[in-house]
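Enquirer: Predicted model, plus sequence, below.
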Amino acid sequence: MANEEAIKKEISQRFGMAEESIRVARERRVFCEVGYDAFRGFLEHVCKKMGFAILCTITGQDEGETLSFMYHTARSDGTMLNIKTSVLKSDPRIKTVTDLYPVAISYERELVDLLGAAVEGLPPGKRYPLPDGWPEGQYPLRKDWKPDQLGDMAFPIKGA
Amino acid sequence: MPNITIPIGPQHPALKEPESFIITLDGERIVDADMRLGYNHRGIEKACESRNYIQSLYLLERVCGICSHTHSTCFIQAVEELAGLEVPPRALAIRTVFAELERIHSHLLWLGVAAHEVGFDTLLMYSWRDRELVMELLASLSGNRVNYGMNKPGGVRRDLTKEQLQEIAKTASALEERTKYYIQVASAETTLIERLSGVGTVSHEDAVRLGATGPTGRASNVDQDTRRDDPYAWYHALDFKVVTDTHNDVYGRTLVRLGELMETYKMLRQLASEMPEGPIFVRAPRRIPAGEAVSRYEAPRGEDIHYVRSNGSDKPERVKVRAPTLANLQAVAKMLEDNNLADAPIVIAAIDPCFSCTDRSILIKDAAGDSSKTVSWGDLRRYSIDWYKKKGLDFSGLRI
């Protein structure tokens, strides 16, 4: 796995990261965690200088005190670099990455609707994927959210 | 004349599933396209968090009717990686057989839809008739035309007999002959070529920039295919080439899908003749050790991605699904720009957005009495042949 080790070495040296914070899970799968302050510079570097020009998707997670976002980037040789970063759930602001990856627009809208992330700089447009009348402040992918919180939003089926 | 904005969808005859396009026109030319999605959002990711891995496997198989094996395999690969399971070669090869059969039925379905959108309904009838060969084969192998239920953690649930493998190779060869004919039609039928060429163009640079995936990207010469670049299941052992094209338009997307079908037939014959021997599963634990894994899979429409995070229990902590259509939507907006409004249906259809249909038997009640019976697909077919015979048309000699 020389390829994966080379990636690990480059990012650990360039960004002064401890090698333990970078995990080579298997061939073509590298995971790492970056503080949000350093995240933007890190992402720009891997996108523009290391060939990770494909953003496969962004996985948002509720981790209690924080919301974490894993940016699944890939390059054409099939290697995937999964970069995780976190912000406080009480102040869940992140900046858009649509300037680096235009495809991120749908992924970021998902983070807004389903996890309640505040994505700054996201171009205006229709929400995705929840319906227009969805109540404010209800984020289904947060761990404490239950469907019965919808209350009056339950849609009765005629004749049922 | 001022620009006019018209809504198409969420329910519209030109769309096969609910989605909404807001199209701004200058005369007949599209100058801007916006879209609203989410009408089919069913909360499956959240639902997985309260179900165990087996239940989640069956739920995820139902993300899509056409790509059912896609989602099931993509998920279970991540779970097996977390559990550290060594899936036996025969199980991986059987998964690959189903993956490629699914690609055939998806691509032939697309060919029919695309033909219909440009008014070439003869091609729709032909391609969907041929598609029945693979649908019936899938039903005979798994019991279902879609949602095959083949996967389980650690392997597959059903083995394939020698006779079934021969049948797979035979069907692949029969469909190969039909696909050669379609390639001939696509290369020589001037009306079709003229109708599809220069429509829904997206340049190579835009396709890369906008993250187009699958045949949509490959028709703009984006040389990416997860089966080759990040091989899973049994693809590392197969000899196939990735089909690309430089037309950058709907015509190119047609050629790529037809070319891919030819590669799929080749792969199926290899799998049938070189199927590894041995067990079809290993025992898997109910509780999956804590960890995280990302699985990638080349679905018929492009790359499917599943992220799974486990917490040591029998239920996943988080499941994230990225189906290929979501990655292709930015490219669609670009493709629609500067086309005629009348091209919108074929441009949208050309990325092969997902829809599902799985009915295969109906319950008929005798209107005069209480009796009822279930009618199989074969019975329905015989009934239709008899019905037409009474009208003076004899289709009984027709073989599909």
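Expert: That came through, no problem. Numbering: from 1, shown residues only, chains lettered A, B, ... in the order given.

Enquirer: Next, the contact list for whichever residue of the stretch 251-400 of chain B sits closest to chain A, please.
Expert: The stretch 251-400 of chain B approaches chain A most closely through B:Arg322 (3.7 Å), counting by CB to the nearest CB. C-beta coordinates here come from the backbone N, C-alpha and C atoms, glycine included. The contact partners of B:Arg322, by CB atoms under 8 Å, 6 or more residues apart in numbering or on different chains, come to A:Cys56, A:Thr57, A:Tyr107, B:Asp304, B:Ile305, B:His306.

Enquirer: of all those residues, which comes closest to B:Asp386?
Expert: B:Asp304 (42.7 Å; CB to CB).

Enquirer: follow-up on the earlier one: in TSV: the contacts of B:Arg322, plus secondary structure.
Expert: Shown next, in TSV, are those (DSSP: H, G, I helix; E, B strand; the rest coil):
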residue	secondary structure
A:Cys56	strand
A:Thr57	strand
A:Tyr107	helix
B:Asp304	strand
B:Ile305	strand
B:His306	strand
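
Enquirer: Contact partners for the nearest residue to B:Arg195 once chain neighbours are set aside?
Expert: The spatially closest residue to B:Arg195, leaving aside those adjacent along the chain, is B:Val118, at 4.9 Å (CB to CB, 6 or more residues apart in numbering or on different chains). B:Val118 makes contacts with B:Leu192, B:Arg195, B:Leu196, B:Ile346, as judged by CB under 8 Å, 6+ apart.

Enquirer: again, 10 Å this time
Expert: B:Leu124, B:Thr191, B:Leu192, B:Arg195, B:Leu196, B:Val199, B:Val250, B:Ala342, B:Asp343, B:Pro345, B:Ile346, B:Ala349 (CB atoms under 10 Å, 6 or more residues apart in numbering or on different chains).

Enquirer: circling back to that earlier point, which one of the contacts of B:Arg322 sits closest to B:Leu393?
Expert: So of the contacts of B:Arg322, ranked by how close each gets to B:Leu393 (CB to CB), first place is B:Asp304, at 43.2 Å.

Enquirer: Name whatever forms a beta bridge with that closest one.
Expert: B:Tyr297 (DSSP bridges).

Enquirer: What of the one 4 residues further on?
Expert: On DSSP bridges, the residues paired with B:Val308 through beta bridges are B:Ala293, B:Val319.

Enquirer: May I have the secondary structure class of B:Ile22?
Expert: strand.

Enquirer: could you pull out the strands for the chain?
Expert: Reading this off chain A. Under the criterion DSSP state E, chain A contains strands at A:22-26, A:29-33, A:54-62, A:66-74, A:80-88, A:93-95, A:118-120.

Enquirer: The intended chain is chain B.
Expert: B:4-8, B:20-26, B:29-36, B:151-152, B:155-156, B:291-299, B:302-310, B:316-322, B:362-365, B:372-375.

Enquirer: With A:Ala53 as the reference, measure out to the residue of the stretch 251-400 of chain B closest to chain A.
Expert: 17 Å (CB to CB, to the nearest Å).

Enquirer: And A:Glu27, by the same measure?
Expert: 20 Å.

Enquirer: related to what we said a few turns ago, sort out which one of the contacts of B:Arg322 lies nearest B:Asp229 for me.
Expert: Among the contacts of B:Arg322, and counting by CB to CB, the member closest to B:Asp229 is A:Cys56, at 12.2 Å.

Enquirer: So what pairs up with the closest residue to that closest one other than its chain neighbours in the strands?
Expert: What sits nearest to A:Cys56 in space, not counting adjacent residues and going by CB to CB, 6+ apart, is A:His72, at 4.2 Å. Beta-bridge partners recorded for A:His72 (DSSP bridges): A:Thr57, A:Asn82.

Enquirer: how about low-confidence regions in chain A?
Expert: Scanning chain A for pLDDT under 70 picks out A:152-160.

Enquirer: hey, where'd the helices end up in it?
Expert: A:2-14, A:36-48, A:104-110 (DSSP state H).

Enquirer: The ones you listed: which one's closest to chain B?
Expert: helix A:104-110 (5.3 Å).

Enquirer: Are the closest one and chain B in contact anywhere?
Expert: Yes. Helix A:104-110 reaches chain B (CB under 10 Å from any CB of the partner chain) through A:Ala104, A:Ile105, A:Ser106, A:Tyr107, A:Arg109, A:Glu110.

Enquirer: Which residues are in contact with the second one?
Expert: Shown here is A:Ile105, whose contacts under the criterion CB under 10 Å, 6+ apart are A:Thr96, A:Val97, A:Thr98, A:Val119, A:Leu122, A:Pro123, A:Gly125, A:Tyr128, B:Leu210, B:Leu329, B:Gln330, B:Ala333.

Enquirer: Run a quick check on the fourth one versus A:Ser106, I expect a contact.
Expert: No. Under the criterion of CB atoms under 10 Å, A:Val119 makes no contact with A:Ser106, lying 11.8 Å away.

Enquirer: what are the phi and psi values for B:Gly392?
Expert: Phi and psi for B:Gly392, reported as degrees, to the nearest 10, are phi 100, psi 10.

Enquirer: pLDDT score assigned to it?
Expert: Looking at B:Gly392, its pLDDT reads 84.

Enquirer: if we can go back for a sec, can you tell me which of the contacts of A:Ile105 lies nearest to B:Arg51?
Expert: A:Tyr128 (24.5 Å).

Enquirer: Would you confirm that that closest one contacts B:Ser20?
Expert: No. Under the criterion of CB under 10 Å, A:Tyr128 is not in contact with B:Ser20, lying 11.2 Å apart.

Enquirer: Pull up the overlap in contacts between the two.
Expert: In contact with both A:Tyr128 and B:Ser20: B:Met35, B:Arg36, B:Leu37, B:Gly38, using CB under 10 Å, 6+ apart.

Enquirer: could I get these as TSV with distance to chain A, neighbour count and pLDDT?
Expert: Rendered in TSV, the data for these read as follows (distance: CB to the nearest CB, whole Å; neighbours: other CB atoms under 10 Å in any protein chain shown; pLDDT from 0 to 100):
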residue	distance to chain A	neighbour count	pLDDT
B:Met35	7	21	88
B:Arg36	4	20	87
B:Leu37	6	22	86
B:Gly38	3	20	86
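
Enquirer: List buried residues within the contacts of A:Ile105.
Expert: A:Val97, A:Thr98, A:Val119, A:Leu122, A:Tyr128, B:Leu210, B:Leu329, B:Gln330, B:Ala333 (16 or more other CB atoms under 10 Å in any protein chain shown).

Enquirer: which stretches of the stretch 1-150 of chain B have low pLDDT?
Expert: Ranges of the stretch 1-150 of chain B meeting pLDDT under 70: B:1.

Enquirer: Up against chain A, what does it have?
Expert: B:20, B:22, B:34-43, B:45-47, B:49-50, B:81-82.

Enquirer: Quick one: distance of stretch A:16-26 to the chain centre.
Expert: 19 Å (CA atoms, centre = their mean, to the nearest Å).

Enquirer: next one: stretch B:337-344
Expert: 25 Å.
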